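Student: could you look at this predicted model? Sequence included:
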Amino acid sequence: MNRKLSIIGAPMDLGQNRRGVDMGPSALRYAGVIERLERLEYDIEDLGDVHIPRPNRKEEQESHLRNLKEVAEGNENLAETVDQVVTSGRFPLIIGGDHSIAIGSLAGIAKHYDNLGVIWYDAHGDLNTGDSSPSGNIHGMPLAVSLGIGHERLTNIHGFEPKIKPENIVIIGARSLDEGEKQLIKEKGIRVYTMHEIDRMGMPEVIKESVEYLKDRTDGVHLSLDLDGLDPNEAPGVGTPVMGGMSYRESHLAMEMFAEANFITSAEFVEVNPILDEKNKTATVAVGLMGSLFGENLK
Ligand SMILES: NC(=[NH2+])NCCC[C@H](N)C(=O)O
Ligand SMILES: [Mn+2]
Ligand SMILES: [Mn+2]
């Protein structure tokens, strides 16, 4: 693993409709992310938070994609910062913020790879388009957007598209997929391990297969971890909880196996909402997972 790490906060809450997730970066810093990773002998630089514009309350929404303009602008800013971090040879660790920030993260990272792999650890597919979305919330769209599917203002962020290819994606933990998302998964042949597969195969086998699948076909792998992938009993501070998720222990095992495989080249942790949390529990869980991802257990 790259020993030089840059932390980038993305205080975005405009990709969905529950306030508070913009305080995610603070909650994660408060839960000790920097100290935790410094102990592992990383060279850490905290770049602070990228600018996310505030919506003009009086202005009419120009599209049924909620806060399209501001989400797009915030993600342009994030893409620029992430791009610079990768250019300088450092590992970008992005802390959110709602999951719409994956649009900017992937935009900044994918420019540097021919075949960027993506692990989408999430209860959801986030594969909606404006047409298929039941909510109009952009945090339900970033994976589709990164495939070049969706509103132009989003797909073209950072000036190119698509960012990723369907065969380089693995979704882990899905248990709430909308109809349009299921169709897209079939049509594009996206690899998905739903909770059903995780229960049947067990987490070790799911992660082993995922690593093998991505290892030969990609030249870098981005981990996009939505805290709602975990069971809401263990990670309650999220805006769209879905029962029956991956456990704390399964998630640590997954992170440890990624660390062993030594193939993750960028990561983001999203959807921590301290207002909905219980005494910063979810942020603390997230920081623990980062510890495992960055090799606590290999020391
Ligand atoms: N990143 C997330 N938590 N996404 C939840 C998306 C929920 C639902 N599929 C939607 O499109 O609205
Ligand atoms: Mn989710
Ligand atoms: Mn998500």
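Tutor: Cool, got the structure. Numbering: from 1, shown residues only. Ligands and ions are numbered 1, 2, ... in the order given.
Student: got the contact list for the residue in the stretch 151-299 of the chain that ligand 3 sits nearest to?
Tutor: Ranking the residues of the stretch 151-299 of the chain by distance to ligand 3 (C-beta to the ion) places Asp226 first, at 3.5 Å. All C-beta atoms are positioned from the backbone trio N, CA, C, and that covers glycine. When contacts are counted by C-beta atoms under 8 Å, 6 or more residues apart in numbering, Asp226 touches 99, 120-124, 126, 238, 270-271.
Student: ok, and the closest non-adjacent residue to it?
Tutor: By the measure of C-beta to C-beta, 6 or more residues apart in numbering, the closest residue to Asp226 outside its immediate chain neighbours is Asp122, 4.0 Å from it.
Student: what about that neighbour, how many neighbours?
Tutor: Burial of Asp122 is recorded as 29 neighbouring residues (other C-beta atoms under 10 Å).
Student: for Lys299, report the pLDDT, please.
Tutor: Predicted confidence (pLDDT) at Lys299: the value is 69.
Student: and the protein, which residues reach ligand 2?
Tutor: Proximity of the chain to ligand 2 is assessed by C-beta under 5 Å from the ion, with 122-124, 226, 228 identified as the residues in range.
Student: ok, the residue of the stretch 101-250 of the chain found nearest ligand 1 to Gly15 distance?
Tutor: Each residue of the stretch 101-250 of the chain has a distance to ligand 1, by C-beta to the nearest ligand atom, and the smallest belongs to Gly140, at 2.3 Å. Here the criterion is C-beta to C-beta, to the nearest Å. By it, Gly140 lies 8 Å from Gly15.
Student: residues in contact with Arg191?
Tutor: Under the criterion of C-beta under 8 Å, 6+ apart, the contact list for Arg191 reads 167, 169-171, 210, 213.
Student: max pairwise distance over the contacts of Asp226: which two?
Tutor: Using C-beta to C-beta, those reach their maximum pairwise distance at Trp120 and Val238, which is 15.3 Å.
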